[in-house]
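>>> need coordinates for the following:
(2 chains)
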Amino acid sequence: MKNKIRSLSVKAKISCIYIITNAFILLVNMVLLIGINRMSTNLEQVYTENLRLNELSDHLSTVQDNMTEYLTSKTSDSLGEYYVSAQKLSNDINDINGRITNVSSDRMLRNIKELSENYLELVDQTIEAKRGRNVEKYRVRYDRSTKLYKFTDQYIYSLNNEQFKTNSARYVELITEYKRFEKISIIVIVTVILLNILLIIKLSGNIIRPLSKLAEQANVIANGNFDIELMQPSSMDEIGIVTKAFNQMVESIREYIEKIRVGMETERELKEKELLMETHLKDAQLKYLQAQINPHFMFNTLNAGAQLSMLEGDDKTYDYLQNVAEFFRYTVKKGNDNVTIKDEIELVNHYIYILNVRFSGEIKYTETIDEDLLNVMMPGMILQPIVENSVNHGIREMAGRGRIDLSIYRMDDLACISIKDNGVGMTRETIKSILDGTYEDIDIKSDSNGIGMDNVIARLKLFTGSEDVMSIISEGKNMGTEVIVYLPVKEEV
Amino acid sequence: MRSFKDRSSNFKWVLVSTVTLGILTLIIATVLFRFYSGFNTDTVPKEFYDKYFVLITEDYRSSFWQSVYKGALKEAVNNNAYIELFGSNLSNDYSKEELMEIAINAGVDGIVLQADETDEILRLIKEAGNAKIPVVTIYGDASKSDRISFVGVGSYNIGKEYGNKVLKLASQAAKGKLDGKVKLTVLLNSHSEDPGQNIICAGIQETIAGGGKDNIETTLESIDNTSAFSVEESIRDLLIREDAPDIIVCLNEQNTVCVYQAVVDYNLVGKVNILGYYDSDVILQGIKRNVIASSISIDTDQMGKSCVDALTEYIENGYANQYFTADVTSVDASNVDEYIERELKYEE
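As a prediction, this is how the structure comes out:
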């Protein structure tokens, strides 16, 4: 039995509740109806006696009238009518059950019965006398009949009256009873309805509560908390099935999340390893590179070369080697410090000199400098890389026609350093990508000192603390490129 | 969370308990209703009887006939018969002749009739006889008829009683009179062919005559009792006359009460002595107040009993005693209290 209740579907449960509550109300209604029926039967009974007597009285007077009619006119119609009404009266009389009791109305009924019977007999005799044309007889009999009729009628009237009095009393009683019944009915109905409501609320609550709990849990889960305690299904109906499915889903989600987490962990570890590898690699490269260049060795070597060329009386070679030594000394020393514009220009000069030696004076170089700005501070290794770019990308293939113009001027409170070349120019995309830092210089290891534009721009930004440190202007292909560096006027202290 | 078992049994428990509660409510309501409504418990238990007798009188409303009837009913019930005070439950007022006709046509088993010597009554009794209905006459007889028995009140003895009382009163009354003559009036109903009256008168006169007092002047006054109110009017006429009587003898209840009232109204208390008939409450009060000197009390219980006895005897055996006499006593100031008490007890 318990199993059966467990496995009832929700539909069955609700139907069950509905049917039971309705059956309940039906039962109550039937009981009340039966009660009402009984009451109205009682009420009816009160007056049936009166009705019967009235009928009797009617039939009595009909007989009297018919007899009188017949005696007056002697038609066969009236005779026929007489027989009909006499029969009716006879039937009525037979229905009367008059007994001698201590109740007055019983005795009166008995008397009425006797009187009516005698009356009917007398009427019959009267009619007979009339038919037999015995005038004397029928007149006498008619008088007696009429007298008896009057007595009988009066008797019926009296009984009616008496019964009416008792009936009225009884009627009042019944009405009071009825009112009481009404009150009790209302109480019963209200009670039953309240009970029904209670029942419905409780039972449907029982059915539906798991659903709202589920909804709550779904909300909690939606907010990211997967660690809630799962609800056990309390019945095997549709709601129980849903609960089970829900629980399974939550479990699956938990597992899935776990899987992903594990996956991500693994991936991260892998990436970490990769990075580590790269770092180590770069480290190694760096060390390798550094190992290759010992700055002191380089200076000494170059100086020795310079000395040698001086000894040989080769001024040009001496100048060249000096410039180179200066250049390298500068790069090593001032790579990380902040320098003055003057220092940077010096380096550029050295660089141009070196290049011109290499390329036989192909690069024309001019300077236009505002002397007041020479002591403005700037990060080191900025101008030379820019000039290098111009050389490598701008004027490289120009075979002697290439020129680079450096000008330093003041604009408001900014010191502007412009490096202009008449080379191949840059496309707008290239300009944009350089300034973004997304430009990929594929030639980073070839003929340069290793410092790219992105590095320059980054250091400038760091130094000035602003984003507007450089602009690159190029009209287009073969229209040359101008790179302008903006520096705040901060002098060497 | 509640366990699984708890949940399902909870459902069942709630269902069962609610339904049970509801049915209980119904049952309690039904019981309450029955209890308080008192279904048909106030009707009198019915008794069934074998024989049906009727008592036909001139005035069923009078307390005299009411108490006769009570006595008769008691006796009848003991003999498995019911006797009805005929006409009491009819809405019309019928004369005793009419009631007689109705009774005969209703085929009753026995009639007790306050008869008189008229032809009409004679005829009716004969008709009853034809219909095989035995008739017992009470108080008034139809001596020439075939009535099976007569229950009377011993008129002569009543007369004697009155006579004695008159003699007693006469000496008193004579004292206040110049000529020492005492005027005695006996009231007779003019239209009652009741030989009883005459016998009473005879009894009175003979007793007075035998009393040796010759200062008593006796008048027989005829009271018109044809119509309902004429009795009262006649009596008043009598009393406002100058020569109002000193002693009045009334031979029935109605006359007694009328005279009593009239005497009080005309301030004749003490001047007019009343000798009444019957011991109804009013008359007893009258005696107690010393307006009525004395009254004749008839054992009405016995009378009623005798009627029924006569009928049942006749029905059983085919014959009955021809004559029953009721006991008669005098009620006056000396024993009025007893009678009043008895009346009260009787009422209960």
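>>> any idea how far the residue lying closest to residue A:213 once chain neighbours are set aside is from residue A:214?
Leaving aside its chain neighbours, residue A:213 sits nearest to residue A:231 (5.6 Å; criterion: CB to CB, 6 or more residues apart in numbering or on different chains). (Glycine included, C-beta is placed from N, CA and C.) Distance, residue A:231 to residue A:214, by CB to CB, to the nearest Å: 7 Å.
>>> tell me where the chain has helices.
Using chain A. A:2-6, A:10-73, A:76-95, A:104-131, A:135-222, A:238-292, A:295-311, A:315-334, A:341-359, A:383-389, A:428-436, A:453-464 (DSSP state H).
>>> that's the wrong chain, I meant chain B
B:4-37, B:63-78, B:96-105, B:119-130, B:155-175, B:195-211, B:230-240, B:253-265, B:281-288, B:300-317, B:336-347.
>>> just to revisit the earlier point, identify the contacts common to residue A:231 and residue A:214.
Jointly contacting residue A:231 and residue A:214 under the rule CB atoms under 8 Å, 6 or more residues apart in numbering or on different chains are residue A:243.
>>> pick the most deeply packed of the helices of chain A.
The highest mean neighbour count among the helices of chain A, using mean count of other CB atoms under 10 Å in any protein chain shown, belongs to helix A:383-389: a mean of 22.
>>> what packs against it?
For helix A:383-389, the packing partners by 3 or more CB pairs under 8 Å, 6 or more residues apart in numbering or on different chains; DSSP states H and E come out as helix A:341-359, strand A:403-411, strand A:414-421, helix A:453-464, strand A:481-488.
>>> quick one: low-confidence ranges for the stretch 51-200 of chain B?
Applying pLDDT under 70 to the stretch 51-200 of chain B picks out residues B:176, B:191-195.
>>> I'd like the helices of chain B laid out as TSV, including mean neighbour count and distance to chain A.
Formatted as TSV, the helices of chain B follow (neighbours: other CB atoms under 10 Å in any protein chain shown; distance: least, CB to the nearest CB, whole Å):
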stretch	mean neighbour count	distance to chain A
helix B:4-37	15	4
helix B:63-78	21	8
helix B:96-105	22	5
helix B:119-130	17	11
helix B:155-175	19	33
helix B:195-211	18	30
helix B:230-240	17	26
helix B:253-265	21	25
helix B:281-288	20	25
helix B:300-317	21	14
helix B:336-347	13	20
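>>> between those, which gets nearest to residue B:327?
Closest to residue B:327 of those, according to CB to CB: helix B:300-317, at 6.0 Å.
>>> tell me the pLDDT of the nearest residue to residue A:467 once chain neighbours are set aside.
Once flanking residues are discounted, residue A:467 sits nearest to residue A:461: 6.4 Å by CB to CB, 6+ apart. On the pLDDT scale, residue A:461 is placed at 85.
>>> residue closest to the middle of the chain?
This is for chain A. Residue closest to the average C-alpha location in chain A (CA atoms, centre = their mean): residue A:219, at 9.8 Å.
>>> wrong one, I was asking about chain B
Geometric middle of chain B (CA atoms, centre = their mean) lands on residue B:65, at 1.7 Å.
>>> quick one: contacts for the nearest residue to that residue once chain neighbours are set aside?
Residue nearest to residue B:65 in three dimensions, not counting chain neighbours: residue B:57, with 4.7 Å by CB to CB, 6+ apart. The contact partners of residue B:57, taken as CB under 8 Å, 6+ apart, are B:65, B:85, B:96, B:114, B:138-139.
>>> what residues does the stretch 1-150 of chain A put near chain B?
Proximity of the stretch 1-150 of chain A to chain B, by CB under 8 Å from any CB of the partner chain, involves residues A:2, A:5-6, A:13, A:17, A:20, A:24, A:27-28, A:31, A:35, A:99-104, A:106-108, A:110-111, A:114-115, A:118-119, A:147-148.
>>> residue ranges with poor pLDDT in chain A?
In chain A, residues with pLDDT under 70: A:1-7, A:288, A:290-293, A:332-337, A:440-451, A:491-493.
>>> now the farthest one out in it, which residue is it?
residue A:136 (111.0 Å).
>>> mind checking how far that one is from chain B?
Using CB to the nearest CB, to the nearest Å, we find residue A:136 at a distance of 19 Å from chain B.
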